[in-house]
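>>> Here you go, sequence then predicted model.
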Amino acid sequence: MFTFTLTFVRHGETQYNRDKLLQGQGVDTPLSDTGVRQAEAVGRYLADVPFSEVYASNLQRAVQTAEHILANNTCSCGVELLLEPLLAERGFGVAEGRPKEELKNMANAAGQSCRDFTPPGGETLEQVKLRFQKFLKLLFAKMQDAQGWGLPAAAPDEEGAQRSSAHVLVVSHGAYIRVAARHLLEDLKCSLPPASKMSQLLSPCPNTGVSRFVLTLAASSSGPVLHGARCVFANRKDHLETLRTDL
């Protein structure tokens, strides 16, 4: 068996975020000035985490955020940033580029909650989950190839960030991370942090919010499979307290 840590970071703010407009996959905007400062802040927050693998959505707001994290990191020199389309934001179809309020109105008209509603041309939550499952399968196989099996790994500390085990960074998007967290917590029965509630863990992730999971893999005839998982924390934003209050 092999244990590794998986840290998710949502990208920094864009002007579309500030203006409450949907981006999805079809609107590929850069970080705003505030988003750059947020990315620098989360980079400093994660500066001493020894990432062994770094993945980002291929949308530029995620790429820029990952670049700032790596630029501030003191323990991951030479680690390559890998762009992965499977980590892209949920597609919102005809709602992309339009105010979020319009998506709510469309959902209300269809008699559905905004979170569950799929606008014409958009991705369902199930389709997004399937993308995440494909990413996990690829990641598990890479962990097996890169780390091998049968080697003892020190148990992660309470922050899940010990130096003797592999640590994977994933920089993605709000709706995508929420789907990924729900899959890990509900479908894969990931254990919860002490005194936490599921509703808190599945609340919307703020820009550059950080979530961390510790996963243990086991070998099987069909390849590596998840043997156990725990959530260390979710949607943490301590690093933003150091920025100006107008963030």
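Received the coordinates, thanks.

>>> per-residue pLDDT, the residue located most distally from the centre of the chain?
No residue in the chain sits farther from the centre than A109, which is 30.7 Å out by CA atoms, centre = their mean. On pLDDT, A109 comes in at 94.

>>> And A146, by the same measure?
At A146, the model reports a pLDDT of 73.

>>> which residues sit in contact with it?
Each residue near A146 by CB atoms under 8 Å, 6 or more residues apart in numbering is listed here: S52, E53, A166. In short, each C-beta sits where N, CA and C put it, glycine included.

>>> cool, and L21?
Residues in contact with L21, defined by CB under 8 Å, 6+ apart, are V27, G97, R98, P99, K100.

>>> Please repeat the previous calculation with a cut-off of 10 Å.
T14, Q15, V27, T29, A95, E96, G97, R98, P99, K100, E101, E102 (CB atoms under 10 Å, 6 or more residues apart in numbering).

>>> go on, P119?
Applying CB under 10 Å, 6+ apart, the residues contacting P119 are 22, 24, 91-96, 98, 102-103, 106-107, 110.

>>> A strand includes E40, no?
No: according to DSSP: H, G, I helix; E, B strand; the rest coil, E40 belongs to no strand; its state is helix.

>>> In terms of pLDDT, where does it sit?
pLDDT at E40 comes out at 97.

>>> Repeat that for L151.
Looking at L151, the pLDDT reads 45.

>>> Output the lengthiest helix in the chain as PDB, nothing but the C-alphas.
The helix spanning the most residues in the chain, taking DSSP state H as the definition, is helix 125-147. The C-alpha coordinates for helix 125-147 follow below in PDB (Å, rounded to 0.1, in the frame of the first residue of the first chain):
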ATOM      1  CA  LEU A 125     -22.700  17.100 -12.300                       C
ATOM      2  CA  GLU A 126     -22.400  13.400 -13.200                       C
ATOM      3  CA  GLN A 127     -20.300  14.300 -16.200                       C
ATOM      4  CA  VAL A 128     -18.000  16.500 -14.100                       C
ATOM      5  CA  LYS A 129     -17.700  13.600 -11.600                       C
ATOM      6  CA  LEU A 130     -16.800  11.200 -14.400                       C
ATOM      7  CA  ARG A 131     -14.000  13.600 -15.400                       C
ATOM      8  CA  PHE A 132     -12.700  13.700 -11.900                       C
ATOM      9  CA  GLN A 133     -12.800   9.900 -11.600                       C
ATOM     10  CA  LYS A 134     -10.800   9.600 -14.800                       C
ATOM     11  CA  PHE A 135      -8.200  12.000 -13.300                       C
ATOM     12  CA  LEU A 136      -8.000  10.000 -10.100                       C
ATOM     13  CA  LYS A 137      -7.500   6.800 -12.200                       C
ATOM     14  CA  LEU A 138      -4.600   8.500 -14.100                       C
ATOM     15  CA  LEU A 139      -3.200   9.900 -10.800                       C
ATOM     16  CA  PHE A 140      -3.300   6.600  -9.000                       C
ATOM     17  CA  ALA A 141      -1.500   4.900 -11.900                       C
ATOM     18  CA  LYS A 142       1.200   7.600 -11.900                       C
ATOM     19  CA  MET A 143       1.600   7.300  -8.100                       C
ATOM     20  CA  GLN A 144       2.200   3.500  -8.600                       C
ATOM     21  CA  ASP A 145       4.700   4.000 -11.300                       C
ATOM     22  CA  ALA A 146       6.600   6.900  -9.600                       C
ATOM     23  CA  GLN A 147       6.600   5.700  -6.000                       C
END
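
>>> What helices and strands are in contact with whichever helix or strand comes after it?
Going down the chain from helix 125-147, the next helix or strand is strand 167-172, by DSSP states H and E. Judged by 3 or more CB pairs under 10 Å, 6 or more residues apart in numbering; DSSP states H and E, the packing partners of strand 167-172 are strand 2-10, strand 53-56, helix 60-72, strand 81-83, helix 125-147, helix 174-182, strand 210-218.
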